[in-house]
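A.B. asks: Predicted coordinates and the sequence they were generated for:
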Amino acid sequence: MAEEVNMDNFEEKITFGVDLVEAALKQLSIINTIENDNRFCDDKFIQRAVQRYEKYWLPLAAENKDKILPAPLDVEWVWHCHLLSPVNYDETCREMFGQAIDHKLFSSAEREKEISVAKNLWKDKYPDVPFDVEEIPEEVSEFESKISYDLPGAAKRQRGFNYQVSLPHFKDRKYLEDAVRRYKKMLYLKLKNPGEFLVPCYDMDLVWHSHQLHPSVYKQDTEKVLGKIFNHDDSVVDRNLGSKLNKADEKTRNLWKETFNENFSKAGAMFRGDPPYDSLTPPTKEEVRAFSTKIASINFDYVEIEGLPDELRKFKIKIHLMANEREGPQVGALRGPNRKWDKKKKLNFTFDTKSYNSIKLTLLEIHKPLCVSTSEQLGQCVFQMLEHVENAPIENETEISEILTVDEERQIRIQIKASVKLAAKIGPCLLFLKNGNYDNRICIMPEHVKQMWGPIPLPRLPTGKDNQCIVATHKFLNHNGDLTFTCRVIHSLPLLLSAIQVFYHDKMAAVGHVISTDQLPLSSEVCIIL
């Protein structure tokens, strides 16, 4: 076919055995699932997945070659990454099993329907090995891989690709249809320049990946056009001036312009900058628990009131939740003539630091003239419960003891012994803004100092031109009044950039920034314009 394809007919002659628009949408769906699951950032998790893929899944798939089934999510991701090295994948399958092992992309509904078939086959072959990713043991056993391709490295690189295609326009059918047309042009360019290392834009790359994820179709389609499998190498990542990738990108642009008389670059399909994962330090689970609100079960195990006159027999102690000066609901009451109460009283309640920070105890003398009951307040005290709940360990109950003064003059006091048990689930994080102001002076923030900006892709200004910025710093306090986050807002006129940096203590936890226009498609290139 190589002789038949020319500039006039390549769009008609180059055909695909799978709908690449649908395939791209399905690929984006699984990418989204992976990106929203933090386990896939864990090296040990990926190592376990690689082991499960090679040791269990590939042999199972080879035995059931008449079926194309979805794998468990962790295995599916490793399989996905291996397929993106199509030559190595094909060679590996033939060396290990004497045959190719096919794969295809599933929609969420299709995957849900077919996964039960895969699970039953797995259980029959490996009854003692968990299928579901949630049941995998945490330890990684010794395992020597026979696959020459660096699958853990590929999984890490692939997450960088996921970031590049994460903006919404990559799900637009009109945009994807044009990406398929551009992918055909890339194949034609490879046909005419077989020795060149071509670097696609990300619209074509998404379609290319989607094609590779159907290995038997991909092999047949690319061999038909190029005479062999079109290999894909994502291990070349250095973009610095003079690097292999940089030179190949420049060469691809020139060949594209010469061949098609149009620009290679496309709005919305260019490099967005490195993904932020490795440059940010979000709070750990333990740190999030520390600054979030908490729910605790409080048990009053022992209460004793001291200093009451002996003749005072009719009284009660009302117990209310409090939020500073605002009285909340009553959660219990203790009545005379007793002066002591123990666990038999079963005085327990829930304390939520989202809504309350203390407990108020009010001592009332009860008067019963005739049939009407009235009361007179003798005093009150406040039990500062917030700090006890905040400092309680999650594992065990905490015993607390406090002596509270109800009336200083009459020396009336209440002794409380209580136990605090935290709920496993944390509450929301409440943040209160303490706003700052923009400095009157202009500050200089050099655009090449990455530590100052974090993972924000910045253009370089002309030599001698300073990056003059105005900056405001805001503080966020949690429900305890502790400084939790610092937010820096930066406006740079020379860079036409506004950015927000969020710090947890001294670590940059998150950033947000305006993006350059080349990261978004033109309105004419998409179906829906917001």
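C.D. replies: That came through, no problem. Numbering: from 1, shown residues only.
A.B. asks: distance of Thr362 from Glu311?
C.D. replies: 21 Å (CB to CB, to the nearest Å). Yep, even glycine has a C-beta here, placed from its N, CA and C like the rest.
A.B. asks: And those two? Which one has more around it.
C.D. replies: Neighbours per residue (other CB atoms under 10 Å) separate Thr362 from Glu311, with Thr362 holding more: 19 against 5.
A.B. asks: And that one, what's its pLDDT?
C.D. replies: In this model, Thr362 is scored at 94, pLDDT.
A.B. asks: May I have the phi/psi pair for it?
C.D. replies: Dihedral angles of Thr362 (phi, psi; degrees, to the nearest 10) stand at phi -120, psi 120.
A.B. asks: Quick check: buried residues in the longest helix seen in the chain?
C.D. replies: The longest helix of the chain (DSSP state H) is helix 173-192. By 16 or more other CB atoms under 10 Å, the buried positions in helix 173-192 come out as 175-176, 178-180, 182-191.
A.B. asks: Of these, which pair is most distant in space?
C.D. replies: Farthest apart among the buried residues of helix 173-192 by CB to CB are Tyr175 and Leu191. That separation is 25.0 Å.
A.B. asks: ok so, going back, pLDDT of the longest helix of the chain, averaged?
C.D. replies: Across helix 173-192, pLDDT averages out at 97.
A.B. asks: follow-up on the earlier one: tell me which of the buried residues of helix 173-192 is nearest to Ile442?
C.D. replies: Tyr175 (40.2 Å).
A.B. asks: thought the closest one was touching Gly268?
C.D. replies: Yes. Here Tyr175 lies in contact with Gly268, judged by CB atoms under 8 Å, at a distance of 7.1 Å.
A.B. asks: Closest one of the buried residues of helix 173-192 to Gln377?
C.D. replies: Tyr175 (71.5 Å).
A.B. asks: So that closest one versus Val21, what's the distance?
C.D. replies: Tyr175 is 10 Å from Val21, by CB to CB.
A.B. asks: ditto for Val502
C.D. replies: Taken as CB to CB, the span from Val502 to Val21 is 37 Å.
A.B. asks: How about Leu361?
C.D. replies: Distance from Leu361 to Val21, by CB to CB: 68 Å.
A.B. asks: which residues sit in contact with Arg182?
C.D. replies: Cys201, Asp203, Met204, Val207, Lys266 (CB atoms under 8 Å, 6 or more residues apart in numbering).
A.B. asks: Which residues are in contact with Arg335?
C.D. replies: Phe315, Lys316, Ile317.
A.B. asks: can these go into JSON lines with extra columns for distance to Leu347?
C.D. replies: Output for the contacts of Arg335, formatted as JSON lines (distance: CB to CB, whole Å):
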{"residue": "Phe315", "distance to Leu347": "16"}
{"residue": "Lys316", "distance to Leu347": "13"}
{"residue": "Ile317", "distance to Leu347": "10"}
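A.B. asks: Can you list which of those are found in helices?
C.D. replies: Short answer: the contacts of Arg335 have none in helices (DSSP H).
A.B. asks: Quick one: low-confidence residue ranges for the stretch 151-300 of the chain.
C.D. replies: Nowhere does the stretch 151-300 of the chain drop to pLDDT under 70.
A.B. asks: Helices of that one, residue ranges please.
C.D. replies: 151-164, 173-192, 202-212, 215-226, 244-260, 285-291 (DSSP state H, counting those that start in this stretch).
A.B. asks: hey, which of these is tucked in deepest?
C.D. replies: Ranked by mean neighbour count under mean count of other CB atoms under 10 Å, those are led by helix 202-212, which reaches a mean of 25.
A.B. asks: which other helices and strands contact that one?
C.D. replies: On a contact count with 3 or more CB pairs under 8 Å, 6 or more residues apart in numbering; DSSP states H and E, helix 202-212 meets helix 20-35, helix 151-164, helix 173-192, helix 215-226.
A.B. asks: any weak-confidence spans in the stretch 351-500 of the chain?
C.D. replies: Using pLDDT under 70, the stretch 351-500 of the chain drops low at 369-372.
A.B. asks: Now do the strands in it.
C.D. replies: 358-367, 374-383, 398-407, 412-422, 432-434, 443-444, 468-477, 483-492, 497-504 (DSSP state E, counting those that start in this stretch).
A.B. asks: Which stretch among the ones you listed approaches Ser216 most closely?
C.D. replies: strand 497-504 (46.5 Å).
A.B. asks: Give me the buried positions along the closest one.
C.D. replies: Leu497, Ala499, Gln501, Val502, Phe503, Tyr504.
A.B. asks: any idea which element the closest residue to the fourth one other than its chain neighbours lies in?
C.D. replies: Looking back up the chat, that one is Val502. Closest residue in space to Val502, ignoring its immediate chain neighbours: Ala510 at 4.2 Å, by CB to CB, 6 or more residues apart in numbering. Using DSSP states H and E, Ala510 maps to strand 507-513.
A.B. asks: in that strand, what's buried?
C.D. replies: Buried-residue list, strand 507-513, by 16+ other CB under 10 Å: Met508, Ala509, Ala510, Val511, His513.
A.B. asks: What's the separation between the second one and Thr281?
C.D. replies: Going back to what we said before, that points to Ala509. 6 Å.
A.B. asks: With the third one instead?
C.D. replies: In this structure, Ala510 and Thr281 are separated by 10 Å, where distance is defined by CB to CB.
A.B. asks: and if you look at the fourth one?
C.D. replies: Remark: distance between Val511 and Thr281 (CB to CB) = 12 Å.
A.B. asks: ok, now the last one?
C.D. replies: Taking CB to CB as the measure, His513 falls 18 Å from Thr281.
A.B. asks: Three-state assignment for the nearest residue to Lys156 once chain neighbours are set aside, please.
C.D. replies: Leaving out its chain neighbours, the residue that sits closest to Lys156 by CB to CB, 6+ apart is Ile46, at 7.8 Å. The three-state label given to Ile46 by DSSP: H, G, I helix; E, B strand; the rest coil is helix.
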